[in-house]
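> Curious how this folds, go ahead:
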Amino acid sequence: MRVGLLTTGYPRWEGDVAGSFVAGFAEALRARGHAVEVFAAAPPEPAASLDARWVRYRRRARDQRTFYGAGAPDNLRRDVQAWPGLIRYPLALRRAVRHAGRFDALVAHFGLPCGLVAASLPARRHLTVWHSADVHLARRLPAPLRARLLGKGMHWFVRESHRRALAGEAASRHLVHPMGATPPPAADREASRTVLGCEGPTVLFLGRLVPVKGVDVLLDALAGSRVQLLVAGEGPERAALERRARELGVRARFLGAVQGARKGQAFAAADVLALPSRRLPSGRTEGAPVVLAEAWLAGLPVVASGVLEGVEDGVDALRVAPEDPRALRDALARLLADPALRQRLREAGRARGEELRWTRLGPRIEALLRGGPGAFRRAACSGSAPRAPRG
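Residues are numbered from 1 along each chain as shown. Prediction:
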């Protein structure tokens, strides 16, 4: 198949976390012999990635500030120059895809704006993948426009609550499943702890430093604690979070964005991954954080906010009430003090993570594009689909 993949974000260089799940999706199909052409929003800085068509939507590159960085929702909240991209990028994207010729399948990551663009273009098959902020925004669309968008092709949601909120009753064209993941690079634990300056029990947070991630709740949970906290990520909240950590007496190390070997060291050095996600006052939540699957694959036990779906309390993670520092503190303390519990979660998590490897999902994605959501589910039961011919 010739597949056109439309997205607002894509890795700009090797190891970049921006749109890493989109790159994983594309590579999973390429590994099955399909020709995948990626159309991605051009970033404000030069991009080194060669496997994407960077779609420019502003005359000056430095004005392309709608996506990347903190992500579109937070960029729009903080930067008036981010707003023009909401109109200009979809128009530029549609022109770029039209000029590339006809595709067997169009896959749009993020229903808004990419799903709308894909729905306006011809292809034998259409698939829209919904993540988080796009679901929240689509609920505000006029009903006729929302119905037109949802009526075109197949729709993949990473959370069941998102599907219900946007689409209502389940339909045969709907699929609910998290994105895939690639295991972080392996690293020696003791060497990693030395490099990162870890002493004693260590908790890892890895993600963008934006309000929906709930890092401030994690800092409150560890106030005055002897537990070491590694904060791996960048974002507009970093300075405020560093200040809060000092005020609360949290033994926190802010590592900045980590990638490649450095990312592997962060996973290896930690005893627990914390995911303290919250529901924002607007109602927006995270989708399905890829770091959860990465932690499972790395054998790192997880404590997750109850806002997140796809984890089973006491089986593959510990779940706590969102925005409850006391509950989060107690769960972290329980897990850090119980090696047997950590081992049980580690084993169950690894099994879950294996199901989410891109190499496992590739045949199922291929089946989805050929035969719909039912074929995706059947491919899971049969193991793997036969490799497709090239072209």
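
> Show the low-confidence segments of the stretch 51-200 of the chain, by residue range.
Nowhere does the stretch 51-200 of the chain drop to pLDDT under 70.

> you'd agree C198 is in a strand?
No: counting by DSSP: H, G, I helix; E, B strand; the rest coil, C198 falls outside a strand, being coil.

> Contact partners for it?
Counting by Cβ atoms under 8 Å, 6 or more residues apart in numbering, C198 makes contact with S192, Q228, L230, A269, A270. In this view, the C-beta of every residue, glycine as well, is placed from N, C-alpha and C.

> Quick check: phi and psi at it.
Main-chain torsions, C198, degrees, to the nearest 10: phi -90, psi 130.

> Show the residue spans covered by the strands in the stretch 251-391 of the chain.
Taking DSSP state E, counting those that start in this stretch as the test, the strands found in the stretch 251-391 of the chain are 251-256, 272-275, 302-305, 318-320.

> sorry, back to before: and the contacts of C198, which two are the farthest apart?
Distance extremes for the contacts of C198: the farthest pair is S192 and Q228 at 12.7 Å, using Cβ to Cβ.

> Counting neighbours, go ahead and name the busier of these two.
Neighbour tally, S192 and Q228, criterion other Cβ atoms under 10 Å: the higher count belongs to Q228, 23 against 20.

> Could you measure from that one over to V36?
Computed as Cβ to Cβ, to the nearest Å, the Q228 to V36 distance reads 41 Å.

> now G233
Applying Cβ to Cβ to G233 and V36 gives a distance of 28 Å.

> Can you say which of the strands of the stretch 251-391 of the chain is nearest to P289?
Among the strands of the stretch 251-391 of the chain, strand 272-275 comes nearest to P289, with 6.3 Å by Cβ to Cβ.

> Please name the strands paired to the closest one in the sheet, noting orientation.
Its sheet considered, strand 272-275 pairs with strand 202-206 (parallel), strand 302-305 (parallel) by DSSP bridges.

> Show residues contacting it.
With contacts defined as Cβ under 8 Å, 6+ apart, strand 272-275 is touched by 201-207, 218, 267, 289, 291-292, 295, 300-305, 308, 328, 332, 335-336, 342.

> quick one on the thing from earlier: from the contacts of C198, which single one is nearest L141?
Sorting the contacts of C198 by distance to L141 puts L230 at the head of the list, at 39.9 Å, by Cβ to Cβ.

> Provide a list of residues in contact with the nearest residue to that closest one once chain neighbours are set aside.
Nearest residue to L230, sequence neighbours excluded (Cβ to Cβ, 6 or more residues apart in numbering): L204, at 4.8 Å. Going by Cβ under 8 Å, 6+ apart, L204 touches L229, L230, A232, A266, F267, A269, A270, V272, L273, A274, L300.

> separation between the last one and G224?
It stands for L300. Taken as Cβ to Cβ, the span from L300 to G224 is 25 Å.

> Pick out whichever of these two has more residues nearby.
Set L300 next to G224 and count neighbours by other Cβ under 10 Å: L300 wins out with 26 against 10.

> ok, and the closest non-adjacent residue to that one?
The spatially closest residue to L300, leaving aside those adjacent along the chain, is L273, at 5.0 Å (Cβ to Cβ, 6+ apart).

> Look at the one you found and report its pLDDT.
Confidence at L273, expressed as pLDDT, is 98.

> That one pairs with what?
On the basis of DSSP bridges, L273 is bridged to L204, V302.

> Output the contacts of C198 as TSV; include the columns distance to A147.
TSV is the format used below for the contacts of C198 (distance: Cβ to Cβ, whole Å):
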residue	distance to A147
S192	51
Q228	51
L230	46
A269	49
A270	45
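
> Go through those and say which is closest to P178.
Checking the contacts of C198 against P178 with Cβ to Cβ, the nearest one is A270 at 21.4 Å.

> Which residues are in contact with the closest one?
With Cβ under 8 Å, 6+ apart, A270 has these contacts: C198, T202, V203, L204, L230, L300.

> Distance to R12 for those - can I get that in TSV?
Shown next, in TSV, are the contacts of A270 (distance: Cβ to Cβ, whole Å):
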residue	distance to R12
C198	30
T202	30
V203	29
L204	24
L230	24
L300	27
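
> Which parts of the stretch 51-200 of the chain are helices?
72-78, 85-99, 116-119, 133-138, 143-150, 160-167, 189-196 (DSSP state H, counting those that start in this stretch).

> closest to F21 out of these?
F21 lies closest, by Cβ to Cβ, to one member of these: helix 133-138, at 13.7 Å.

> just checking, what packs against the closest one?
helix 160-167 (3 or more Cβ pairs under 8 Å, 6 or more residues apart in numbering; DSSP states H and E).
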